[in-house]
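> task: produce atomic coordinates for the following.
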Amino acid sequence: MRRATSILNHAPTFCSVSAHSLVDEFTKFCYQRDLPRAMKAMEAMHRNRLSADAITYSELIKCCLVRGAVQQARLVHEHVFSNGYEPKTFLINTLINMYVKFGLLDEARNLFDEMPDRNVVSWTTMISAYSNSNLNHKALDFLILMLREGVRPNMYTYSSVLRACDGLLNLRQLHGSILKVGLESDVFVRSALIDTYSKLGEQHDALNVFNEMITGDLVVWNSIIGGFAQNSDGDETLHLYKRMKRADFVADQSTLTSVLRACTGLALLELGRQVHVHVLKYDQDLILNNALLDMYCKCGSLEDANLLFTRMMTEKDVISWSTMIAGLAQNGFSADALKLFEAMKSKGPKPNYITILGVLFACSHAGLVNDGWYYFQSMKEHFGIDPGREHYGCIIDLLGRAGKLDEAVKLIHEMNHEPDAVTWRILLGACRVHKNVDLAIYAAKEILKLDPADAGTYILLSNIYANSQKWEDVAEVRRKMRTRGVKKDPGCSWIEVSKQVHAFILGDNSHPRIEEIKRELSQLIQRLMRLGYVPDTNFVLQDLEGEQMEDSLQYHSEKLAIVFGLMSLPNQKTIHIRKNLRICGDCHIFAKLVSQLENRVIVIRDPIRYHHFRGGVCSCGDYW
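Next up is the predicted model:
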């Protein structure tokens, strides 16, 4: 293997020092982590053909790692293989691990190949190195070679190679091997199995591994809770968190990060605030604070987010800044987002891919065409960031919002990335607003080529035809949906009241207070109509007439949730609602008028954006 140019033979001779004293001096310097003097003593030992024991050399290697001293580490390697000294397997393993930690995998592999005897540590070190470097095929190949050499993997080997699995077949084969050798109960192996099944989206298998035996370790709890959180199953995440607490485990940073992710996905602001109390124990934990910041932004509580962001002081990284910029933009506070971006450029970390995405999102939702183009065209020059598909999406959205539909289409065809269904959906949304029926039909057909099961596009296309009174085309769209087995999800809205989540679904009367809520809603609509409110039947998707059209609008899920919030929450309390479908125009008008009439703040989060209704005005500027 390639080695550093040796300076060992040029070392001075310590004539006046006995061999025994010289080795003692070297040993002392190694344990004191005095690298310069240890290296000088090693040079003298080399000159005098002396060697120390393996443990002492391992201490010197640790010192090289701490200092990042690659050149000196290579000299240690050269020395221990010189003067007839034959290092034991332990020391060679230490050297291999040293090269791995320096990121020099080729040198680690060369040394591994030269070993006369390789034990489980040797193999595991290399497997772990390849796994951590995402060289998954090499990690799996090494496991096969290890077994062929008759070396039995241990729990660390399996936990390392499991994380290199990027296919379910390999994972199931490994799982079978683990069961055969009886390592399935090991904490590290169970945790790795759960993590890997979760990574592949196989949550049922992950839960089976977890439930196979009583769990006595927080690491395993964190793996299963984190797996469901990463797969956006917030309900099960919180259920497991409650199970963990009942089992008398205390949540740590990893647990709380997963729970905050679940609160974020479910828009459970009050529960998120309760978790914040536990986060205070780890006040300086940047990952936790960033998760908390993201939760507040995505639950629509910008006041809490701003307070936290300010309190973080210097403990902010590029994720903190990007989260806050994106949060302001998504919640309709574009001017504040751009102001914060300017502050970041002057006193914060260098912006990254996500930061610029938040900036472009802010421009698109504020109609800042010139600013958006400037940031988009200069991101490579100023920040070294190549525009990605999401950046193009923001600019297409910006042009579409401004009514520049031809320019948006031109950009789609010129972009460096093949347009995906999301890109065409952005154009379709702009066509809906600007009532460009022909282009909308073109965009919808492009979406359905890429995603034939996209119920939302069928519904929007049906809506476009309905607004144009093209009922035969509406019927044809519905026929295709039936033929392809595509079903529209019913509108559903969730609101958190007194630590309980209440769900309202269009056409479902299962809520225990539904009759009372409907009476209150009817009375509220009558009051609004006296003030000039007229239900906007352009948003009904069926060929209905008169009162029947208005009636179908009346019980949209967000209206029911708003009324329940008015009935259940104190006057000063913001009404926070999460919705599974894009809010319709009539419900948007309704929410604005209710916020004015009742003097209440209403925040509705739908899959597209966040709407803050206050005093009869929405933060989205009536364009979403």
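> the helices in the stretch 401-550 of the chain, which residues?
405-414, 421-434, 437-450, 455-467, 471-483, 514-530, 546-554 (DSSP state H, counting those that start in this stretch).
> between the ones you listed, which one is nearest to Leu286?
Leu286 lies closest, by Cβ to Cβ, to one member of the helices of the stretch 401-550 of the chain: helix 421-434, at 30.6 Å. Yep, even glycine has a C-beta here, placed from its N, CA and C like the rest.
> any low-confidence regions in the stretch 1-150 of the chain?
1-17 (pLDDT under 70).
> the same query, at a cut-off of 50, please.
Residues of the stretch 1-150 of the chain meeting the criterion pLDDT under 50: 1-7, 9-16.
> which stretches of it form helices?
19-31, 35-47, 54-67, 70-80, 89-101, 105-114, 120-132, 136-148.
> which one of those lies closest to Glu342?
helix 120-132 (38.2 Å).
> list the buried residues in the closest one.
121-131 (16 or more other Cβ atoms under 10 Å).
> domain-wise, how is the chain divided?
317-387, 412-488, 492-618 (automatic domain parsing).
> pLDDT-wise, which helix or strand of this structure ranks last?
helix 546-554 (a mean of 50; mean pLDDT, DSSP states H and E).
> the next helix or strand after that helix versus helix 514-530: what angle between them?
Moving toward the C-terminus from helix 546-554, the next helix or strand (DSSP states H and E) is helix 557-568. Relative orientation of helix 557-568 and helix 514-530, computed by axes from the mean of the first three to the mean of the last three Cα atoms, to 10 degrees: 100 degrees.
> tell me how far helix 557-568 lies from the chain's centre.
31 Å (Cα atoms, centre = their mean, to the nearest Å).
> just the residues contacting the next helix or strand after that helix, thanks.
For helix 557-568, the succeeding helix or strand toward the C-terminus, using DSSP H and E, is strand 575-579. Strand 575-579 is touched from outside by 266-267, 269, 299-301, 491-496, 557-558, 561-562, 565-566, 569, 600-607, with contacts defined as Cβ atoms under 8 Å, 6 or more residues apart in numbering.
> hmm, back to that, out of the domains of the chain, nearest to Leu240?
Closest to Leu240 of the domains of the chain is domain 492-618 (Cβ to Cβ; 16.7 Å).
> start to end distance for that closest one?
By Cα to Cα, to the nearest Å, the extent of domain 492-618 from end to end equals 21 Å.
> for the record, mean pLDDT for the helix or strand hosting Arg190?
Assigned by DSSP H and E, Arg190 belongs to helix 187-199. For helix 187-199, mean pLDDT rounds to 95.
> right, and the helix or strand after that helix?
Following helix 187-199 in sequence, per DSSP H and E, is helix 203-211.
> buried residues, that following helix. List them.
Neighbour-count burial for helix 203-211 [16+ other Cβ under 10 Å]: 203, 205-207, 209-210.
> need those in JSON lines with pLDDT and distance to His20, can you?
Below are the buried residues of helix 203-211 laid out as JSON lines (pLDDT from 0 to 100; distance: Cβ to Cβ, whole Å):
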{"residue": "Gln203", "pLDDT": "95", "distance to His20": "63"}
{"residue": "Asp205", "pLDDT": "95", "distance to His20": "60"}
{"residue": "Ala206", "pLDDT": "95", "distance to His20": "58"}
{"residue": "Leu207", "pLDDT": "95", "distance to His20": "62"}
{"residue": "Val209", "pLDDT": "94", "distance to His20": "56"}
{"residue": "Phe210", "pLDDT": "94", "distance to His20": "57"}
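> please produce TSV containing these, extended by distance to Arg172.
Putting those into TSV (distance: Cβ to Cβ, whole Å) gives the following:
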residue	distance to Arg172
Gln203	15
Asp205	9
Ala206	13
Leu207	16
Val209	12
Phe210	17
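> kindly indicate which of these lies nearest Ser346.
Gln203 (44.4 Å).
> now do the same for the nearest residue to the closest one once chain neighbours are set aside: its pLDDT.
Leaving out its chain neighbours, the residue that sits closest to Gln203 by Cβ to Cβ, 6 or more residues apart in numbering is Asn231, at 5.6 Å. Asn231 is assigned a predicted lDDT (pLDDT) of 94.
> what does Asn231 show for phi and psi?
phi -90, psi 20 (degrees, to the nearest 10).
> picking up where we left off before, turn the domains of the chain into a markdown table, including distance to Gly176.
What follows is those, written out as a markdown table (distance: least, Cβ to Cβ, whole Å):
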| stretch | distance to Gly176 |
| --- | --- |
| domain 317-387 | 39 |
| domain 412-488 | 34 |
| domain 492-618 | 39 |
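> just name the most buried of those domains.
domain 317-387 (a mean of 19; mean count of other Cβ atoms under 10 Å).
> got the end-to-end distance for that one?
End-to-end distance of domain 317-387: 22 Å, with Cα to Cα as the criterion.
> what of stretch 211-221?
One end of stretch 211-221 sits 11 Å from the other (Cα to Cα).
> and that stretch, which residues are buried?
Residues 215, 218, 220-221 are the ones in stretch 211-221 that count as buried (16+ other Cβ under 10 Å).
> which of the residues you listed sits closest to Asp186?
Val220 (10.1 Å).
> the closest one: which element?
helix 218-230.
> which outside residues touch that helix?
The contact list for helix 218-230, computed with Cβ under 8 Å, 6+ apart, reads 187-188, 190-191, 194-195, 197-199, 203, 206-207, 210, 215, 234, 236-237, 240-241, 244, 247, 249-250, 252, 254-255, 257-259, 261-262, 265.
> ok, Leu560 touching Ser493?
Yes: judged on Cβ atoms under 8 Å, Leu560 makes contact with Ser493 at a distance of 7.0 Å.
> which neighbours do those two have in common?
Phe504.
> from Tyr465, how far off is the residue lying closest to Ile464 once chain neighbours are set aside?
Excluding the flanking residues, the one nearest Ile464 by Cβ to Cβ, 6+ apart is Ala440, at 5.1 Å. Separation of Ala440 from Tyr465 (Cβ to Cβ, to the nearest Å): 10 Å.
> same thing with Glu184?
According to Cβ to Cβ, Glu184 stands 57 Å off from Tyr465.
> what do you get for Asp489?
For Asp489 relative to Tyr465 (Cβ to Cβ), the value is 20 Å.
> Gly201 too?
Applying Cβ to Cβ, the value for Gly201 to Tyr465 is 36 Å.
> thinking again about what came up before, adding distance to Arg163, write the helices of the stretch 1-150 of the chain out as CSV.
As requested, the helices of the stretch 1-150 of the chain are exported to CSV (distance: least, Cβ to Cβ, whole Å):
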stretch, distance to Arg163
helix 19-31, 34
helix 35-47, 33
helix 54-67, 23
helix 70-80, 27
helix 89-101, 15
helix 105-114, 16
helix 120-132, 5
helix 136-148, 8
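> would you map the helices across the stretch 201-350 of the chain?
203-211, 218-230, 234-246, 253-266, 269-279, 286-298, 302-311, 318-330, 334-347.
> what's next to the shortest one, contact-wise?
For helix 203-211, the external contacting residues (Cβ under 8 Å, 6+ apart) are 184, 190, 193-194, 197-198, 220, 223-224, 227-228, 231, 233, 236.
> and for the fifth one?
Identification of contacts with helix 269-279 by Cβ under 8 Å, 6+ apart yields 238, 251, 256, 259-260, 263-264, 285, 288-289, 292, 295-296, 299-301, 304, 496, 499, 576.
> thanks a lot, see you next time.
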